[in-house]
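In: Sequence and predicted structure below; questions after.
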Amino acid sequence: QLTLAESGGGLVPPGGSLTLSCHASRWRRDILAVGWFRQAPGKEREPVSCITTRDDYPWYAESVKGRFTISRDAANNMLYLEMNSLKPEDTATYFCVAETFAAHCYGRGAWGKGTLVTVSG
């Protein structure tokens, strides 16, 4: 069974940078996209960024465009989210997701347990 494990969260001041990582164990060939969701305190989960596995086509939420970069290392089943110019409103638990339903991240597939990012200072 596919499992996803995030790492790299932490406390960072506004304007700072952080890179999240996600390792996928027992990779499946039918995974069409991988990406990131986040959930801020008291709010619903929202998609942040997604990348297709066939051609590495990226997608970003408007709120993070120009600040976040998604990438992956297919050989090592790793997914990354480089986050720059972080804002307090980026504070959330970030989840790694893997999608077999479609070549976009709808959150209908596997989820990791999340890693907390706190932007404060």
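Out: In hand now; what should we look at?
In: Report the contact partners of residue 94.
Out: Taking Cβ atoms under 8 Å, 6 or more residues apart in numbering, we find residue 94 in contact with 6, 9, 20, 36, 37, 38, 48, 81, 114, 115, 116, 117. Quick note: C-beta positions are derived from backbone N, CA and C, even for glycine.
In: An error on my part: the question was meant for residue 45.
Out: Contact analysis of residue 45 by Cβ under 8 Å, 6+ apart lists 37, 38, 39, 95, 107.
In: Against which helices or strands is the helix or strand the first one falls within packed?
Out: It stands for residue 37. Here residue 37 sits within strand 33-39, counting by DSSP states H and E. Of the remaining helices and strands, those touching strand 33-39 by 3 or more Cβ pairs under 8 Å, 6 or more residues apart in numbering; DSSP states H and E are strand 18-25, strand 46-52, strand 68-73, strand 78-83, strand 92-99.
In: Who does it pair with, and is each partner parallel or antiparallel?
Out: Take DSSP bridges as the rule and strand 33-39 pairs in its sheet with strand 46-52 (antiparallel), strand 92-99 (antiparallel).
In: mind putting the ones you listed in a markdown table, mean pLDDT included?
Out: Shown next, in a markdown table, are the strands paired with strand 33-39 (pLDDT from 0 to 100):
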| stretch | mean pLDDT |
| --- | --- |
| strand 46-52 | 97 |
| strand 92-99 | 97 |
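In: Cool, thanks, talk later.
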